[in-house]
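[1] sharing a sequence plus its predicted fold:
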Amino acid sequence: MTGTRDDDAVRARMPADVDAPDKVLYGLTFRQLAILAVAAVIFYGGWRSLHTILPVPVLLGAAVVLGGLVFGLAVGRRDGLPMDQWLLASIRHHRAPKALSTTDTTSRTPGWVDATAGRMPLPAPLKLPAQAIADDGEIALPGAPAAIVAATTVNLALRTPGEQQALVDTFGRWLNSLSTPTQVVVSAQPVDLASHATGLEATAPRLPHPALEAACADHARFLDDLAHRRDPLRRQVLIVTRAPEGGRGGHAARRRADDTVRSLSGLGVTTRALDGDAATAAIAACADPYRPPRQGGLAAPDAVITAPPARRPKPRRTSS
């Protein structure tokens with residue numbers, strides 16, 4: 001017997017549309033059938049009300065046009081969403097205020113602000129789900145606190161079938177151990193190679209050997225050329241863990257994040273629970289991934305921002 005475990009690896013196909021709604025009748029979902037049924041009732045009521053007033057060809061033509069629009073609304077899709085949900089989202093976006101502010105704008109405002117309110121609408125209050133971010137990275141939410149774990153990726157194509165099966169089993173055990181809502185966010189973010197090239201150029205003259213200086217300068221030119229010719233991206237994986245609602249004890253979300261780090265260590269990935277500054281930067285990057293990071297990081301939602309003390313000018317010396 002020369003067989004190995006790799007030959008006995010179990011393979012199973014999983015469809016990509018596991019979240020697709022079930023088909024009820026004639027390949028249509030319950031939502032699509034509900035839209036068509038409501039439209040049919042409206043058309044029937046309009047026919048009973050107008051067939052004695054308007055000619056029949058006019059009613060038939062209007063029914064064909066409106067029926068086509070309703071059918072397209074029921075079965076059409078746009079940007080991965082059903083057409084009715086896409087239209088509702090577009091209406092909500094059109095009616096929602098475009099300027100938001102974290103300060104309370106509903107209180108009394110100065111007169112000069114009221115004078116310009118007709119030409120430029122006042123910003124609406126920005127309601128963030130996160131109320132505060134602690135120093136240990138625990139995010140205060142209305143229901144239960146949450147924490148973020150950053151992880152790297154695993155290339156299964158470079159593993160043997162036995163190793164792939166072991167990795168899938170480890171990941172499956174972690175999924176089966178979850179008892180609270182958990183979110184896995186995979187995003188692509190741009191890499192700033194120009195700043196790395198600038199730093200290498202500044203470091204090259206301080207190297208102890210001319211060969212090292214030449215290699216460092218050559219690598220800096222390579223990174224600068226790559227930054228101008230391509231748009232390099234890096235993949236970021238964030239795992240958001242939440243504490244159970246009504247749980248006792250503090251830092252429950254942070255403890256779940258630490259448990260996630262230990263559970264995923266068997267996959268061969270590098271995981272770490274984010275602290276307050278890293279969690280704030282990760283949330284800001286998810287909201288605007290193409291915005292370069294600020295120097296010094298971002299302030300937390302409950303942080304108090306103070307200005308640095310003003311420098312006093314030095315007195316000038318006068319020569320007698």
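    Sure thing, it's come through.
[2] which SSE is residue 41 in?
    Assigned by DSSP states H and E, residue 41 belongs to helix 30-50.
[3] and the next helix or strand past the lowest-mean-pLDDT helix or strand in the chain?
    Here the helix or strand of the chain ranked lowest by mean pLDDT, DSSP states H and E is helix 111-115, holding a mean of 53. Later in the chain than helix 111-115, the nearest helix or strand by DSSP H and E is strand 124-125.
[4] show the average pLDDT along stretch 194-214.
    The average pLDDT within stretch 194-214 is 87.
[5] quick check: end-to-end length of it?
    Start and end residues of stretch 194-214 are separated by 18 Å (CA to CA, to the nearest Å).
[6] then stretch 169-185?
    So stretch 169-185: terminal residues 21 Å apart, CA to CA.
[7] and the spatially closest residue to residue 124 that is not a sequence neighbour, how many neighbours?
    Leaving aside its sequence neighbours, residue 124 sits nearest to residue 97 (CB to CB, 6 or more residues apart in numbering; 3.8 Å). Yep, even glycine has a C-beta here, placed from its N, CA and C like the rest. The tally of other residues near residue 97 (other CB atoms under 10 Å) stands at 13.
[8] how far away is the residue positioned nearest the centre of the chain from residue 89?
    The centre of the chain sits closest to residue 286, judged by CA atoms, centre = their mean, with a distance of 4.8 Å. As judged by CB to CB, to the nearest Å, residue 286 and residue 89 stand 20 Å apart.
[9] now residue 140
    Counting by CB to CB, the gap from residue 140 to residue 89 is 28 Å.
[10] between the two, which one's more packed in?
    residue 140 (16 against 13).
[11] I'd guessed that one sits against residue 129; true?
    No: applying CB atoms under 8 Å as the test, residue 140 and residue 129 come out as separate, 9.7 Å apart.
[12] ranges for the strands of this protein?
    In the chain, the segments counted as strands under DSSP state E are 23-25, 28-29, 77-78, 81-82, 100-101, 124-125, 132-133, 139-140, 146-151, 182-190, 233-242, 271-273.
[13] listing partners with orientation, what would you give for the first one?
    Meaning strand 23-25. strand 28-29 (antiparallel) (DSSP bridges).
[14] pull out the buried residues from stretch 271-281.
    For stretch 271-281, burial by neighbour count (16 or more other CB atoms under 10 Å) applies to 271, 273-280.
[15] okay if I get the strands of the chain as TSV plus distance to residue 253?
    Compiled in TSV, the strands of the chain are given as follows (distance: least, CB to CB, whole Å):
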stretch	distance to residue 253
strand 23-25	39
strand 28-29	36
strand 77-78	37
strand 81-82	31
strand 100-101	27
strand 124-125	26
strand 132-133	11
strand 139-140	7
strand 146-151	4
strand 182-190	11
strand 233-242	6
strand 271-273	10
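[16] most packed of the ones you listed?
    Counting by mean count of other CB atoms under 10 Å, strand 146-151 has the highest mean neighbour count of the strands of the chain, with a mean of 24.
[17] which elements pack onto that strand?
    The contact analysis (3 or more CB pairs under 8 Å, 6 or more residues apart in numbering; DSSP states H and E) places strand 146-151 against strand 139-140, strand 233-242, helix 252-264, strand 271-273, helix 276-287.
[18] and the contacts of the second one?
    With CB atoms under 8 Å, 6 or more residues apart in numbering as the test, strand 233-242 has contacts from 141, 143-153, 180-191, 253, 256-257, 260, 264, 271, 282, 285-286.
[19] quickly list what the nearest residue to residue 260 once chain neighbours are set aside is bridged to.
    Of all residues not flanking residue 260 in the chain, residue 149 sits nearest, at 5.0 Å (CB to CB, 6+ apart). Judged by DSSP bridges, the bridge partners of residue 149 are residue 239, residue 273.
[20] can you pull the contacts of residue 149?
    Each residue near residue 149 by CB under 8 Å, 6+ apart is listed here: 238-241, 257, 260-261, 264, 271-274.
[21] point out where the stretch 1-150 of the chain drops to low pLDDT.
    Within the stretch 1-150 of the chain, the ranges that satisfy pLDDT under 70 run 1-12, 16-17, 102-122.
[22] same question, the stretch 201-320 of the chain
    Residues of the stretch 201-320 of the chain that meet the cut-off, pLDDT under 70, sit at 246-250, 289-305, 307-320.
[23] if we can go back for a sec, relative to residue 204, how far out is the residue nearest to residue 260?
    From residue 149 over to residue 204 (counting by CB to CB), the distance is 37 Å.
[24] next: residue 15.
    53 Å.
[25] which of those two has more neighbours?
    Per other CB under 10 Å, whichever of residue 15 and residue 204 has more neighbours is residue 204, with 17 against 7.
[26] surely that one and residue 221 touch.
    No: Residue 204 is beyond contact range of residue 221, at 10.4 Å (criterion: CB under 8 Å).
[27] the residue nearest to residue 124 and residue 126 touch, don't they?
    No: assessed by CB under 8 Å, residue 97 is found out of contact with residue 126, at 9.5 Å.
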